[in-house]
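Asker: Pasting a predicted model and its sequence here:
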Amino acid sequence: EDALQAAGGVWQGGPYAEPARALVAEHAGRLRERLDEFDRRADEVSGEHLVVTHGEPHPGNLVLADRGPLLVDWDTVGLARPERDLWLVADGPEDLARYADITGRWPDPEVMDLYRLRWAIEDVALFVADFRGPHDSGADSRQAWEALTGTVLDLCGQRG
């Protein structure tokens, strides 16, 4: 929200500040629509079937130990619908069917899509906040710029 409001000004902080501002300004209308969509859809999701969720169960947070795989980095743990984690780890219908067999509850694809949208919006917010602050032109910033650009284009329906 703050970045959308500030997109008409000048962003300082480093070499990607102005390109990030221009990207947000160019896509501000569609980004606002996606934020509104998220708010609307989030209001429609019930607080039923809440479980402890990790928040980021991607391979970067999986450590292979002697006794088996361990899920690490629990700083985003939260009480939420299981779809919060499932959208990121389920490779297809067979994974969702396996989850349903184990738990007796079939994941809701609409809720999975909502959490997918939330992830993308949060990524944009985090990347933009970083670019509005002090940063350099190193490899990490270049990788973040590419991720921001791709995520914005995906959110706006302009990339595969």
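Answerer: On my side now, so go ahead. Numbers count the residues shown, from 1 in each chain.
Asker: now the chain, which segments are flagged as low pLDDT?
Answerer: 160 (pLDDT under 70).
Asker: Which stretches in it count as helices?
Answerer: 2-6, 17-26, 28-44, 83-89, 93-103, 109-132, 139-155 (DSSP state H).
Asker: if I look at the residue in the chain sticking out farthest from the centre, how far off is residue 72?
Answerer: Distance to the chain centre peaks in the chain at residue 66, reaching 31.2 Å (criterion: CA atoms, centre = their mean). Distance, residue 66 to residue 72, using CB to CB, to the nearest Å: 15 Å. Just so you know, the C-beta spots here come from the backbone N, C-alpha and C atoms, and that holds for glycine as well.
Asker: now residue 132
Answerer: 30 Å.
Asker: Neighbour count: those two, which is higher?
Answerer: residue 132 (20 against 11; other CB atoms under 10 Å).
Asker: Touching, residue 80 and residue 48? I think so.
Answerer: No: using CB atoms under 8 Å, residue 80 makes no contact with residue 48, being 11.3 Å away.
Asker: ok now do the most centrally placed residue in the chain, which residues does it touch?
Answerer: With distances taken as CA atoms, centre = their mean, residue 119 lies nearest the centre of the chain, 1.5 Å away. Residues in contact with residue 119 (CB atoms under 8 Å, 6 or more residues apart in numbering) are 87, 88.
Asker: related to what we said a few turns ago, between the helices of the chain, which gets nearest to residue 58?
Answerer: Nearest to residue 58 among the helices of the chain is helix 83-89; the distance by CB to CB comes to 6.0 Å.
Asker: list the buried ones in the closest one?
Answerer: Across helix 83-89, burial judged by 16 or more other CB atoms under 10 Å covers 83, 84, 85, 86, 87, 88.
Asker: now the first one: how far from residue 121?
Answerer: Just to be clear, that refers to residue 83. In terms of CB to CB, residue 83 sits 16 Å off from residue 121.
Asker: what do you get for the second one?
Answerer: Using CB to CB, residue 84 is found at 14 Å from residue 121.
Asker: now the fifth one
Answerer: Taking CB to CB as the measure, residue 87 and residue 121 are separated by 14 Å.
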